[in-house]
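Undergrad: After the sequence you'll find the predicted model.
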Amino acid sequence: MKSLVKEFQEFAIKGNVMDLAVGVIIGAAFGKIVSSLVADIITPLIGVLIGGINFRDLTAILKPESVNTAGETVPAVILTYGNFLQTTFDFLVIAISIFFVIKLLNSLKRKQVQNEQKEAKKVINKQEELLGEIRDLLKKQSNKK
């Protein structure tokens, strides 16, 4: 039992788990922001452009409300395709937003890697320069003998 607890502690403390937890929290917050953007800004604007239609109100009545032989009201069968359209639209906007955020992060990461490579090259060039000076000094000393 102790080994299982110890193994779990090692797993939970690893950086990848913590990074994942932070990513999930930030992703959830980002999702709420994008959902609000879609629901509160983009969808109403599109609704105004297409004549004040609210996507969620788009329905098709497959079978109207009726009264059966026992006198009970049978509810209508309604296809609420507007909800589907809105959910699909929300997904597309969220997916595009995440794509651009990841693209930005990848761009920043590439720049960081390029800067690190430049710094490493500078260090190597400095080392080569120092080695060249040492070589020249050794040649001078061997020529004096």
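TA: Done, it's in.
Undergrad: all contacts plus neighbour counts: C-alpha atoms, from now on.
TA: Fine.
Undergrad: The residue at minimal distance from the centre of the chain sits in which helix or strand?
TA: The residue lying closest to the centre of the chain (C-alpha atoms, centre = their mean) is Ile98, at 4.2 Å. Taking DSSP states H and E as the criterion, Ile98 maps to helix 81-144.
Undergrad: Next: Val34.
TA: helix 15-36.
Undergrad: Please name every helix or strand in contact with that helix.
TA: Helices and strands touching helix 15-36, by 3 or more C-alpha pairs under 8 Å, 6 or more residues apart in numbering; DSSP states H and E, are helix 81-144.
Undergrad: by how many degrees do the helix it packs on and helix 15-36 diverge?
TA: Calculated by axes from the mean of the first three to the mean of the last three C-alpha atoms, to 10 degrees, helix 81-144 forms an angle of 140 degrees with helix 15-36.
Undergrad: for helix 81-144, packing partners?
TA: Counting by 3+ C-alpha pairs under 8 Å, 6+ apart, helix 81-144 packs on helix 15-36.
Undergrad: Report the buried residues of the very next helix or strand once past the helix it packs on.
TA: Going down the chain from helix 15-36, the next helix or strand is helix 43-49, by DSSP H and E. The neighbour-count check on helix 43-49 (16 or more other C-alpha atoms under 10 Å) flags 43-44 as buried.
Undergrad: quick one: helix 43-49 to chain centroid distance?
TA: Taking C-alpha atoms, centre = their mean, to the nearest Å, one finds helix 43-49 lying 26 Å from the centre of the chain it belongs to.
Undergrad: 23 is where my numbering starts, stick with that
TA: Okay, using 23 as the starting number, the last item reads as helix 65-71.
Undergrad: So what touches it?
TA: 74-77 (C-alpha atoms under 8 Å, 6 or more residues apart in numbering).
Undergrad: I'd like the next helix or strand past it.
TA: strand 82-85.
Undergrad: Show me how far that following strand is from its chain's centre.
TA: With C-alpha atoms, centre = their mean, you get 39 Å for strand 82-85.
Undergrad: Each with direction, which strands does it pair with?
TA: Here strand 82-85 has these sheet partners by DSSP bridges: strand 99-101 (antiparallel).
Undergrad: now the lowest-mean-pLDDT helix or strand in the chain and helix 37-58, what's the angle there?
TA: The weakest-scoring helix or strand in the chain, judged by mean pLDDT, DSSP states H and E, is helix 24-35 (a mean of 77). Angle between the axes of helix 24-35 and helix 37-58 is 50 degrees (criterion: the same axes, to 10 degrees).
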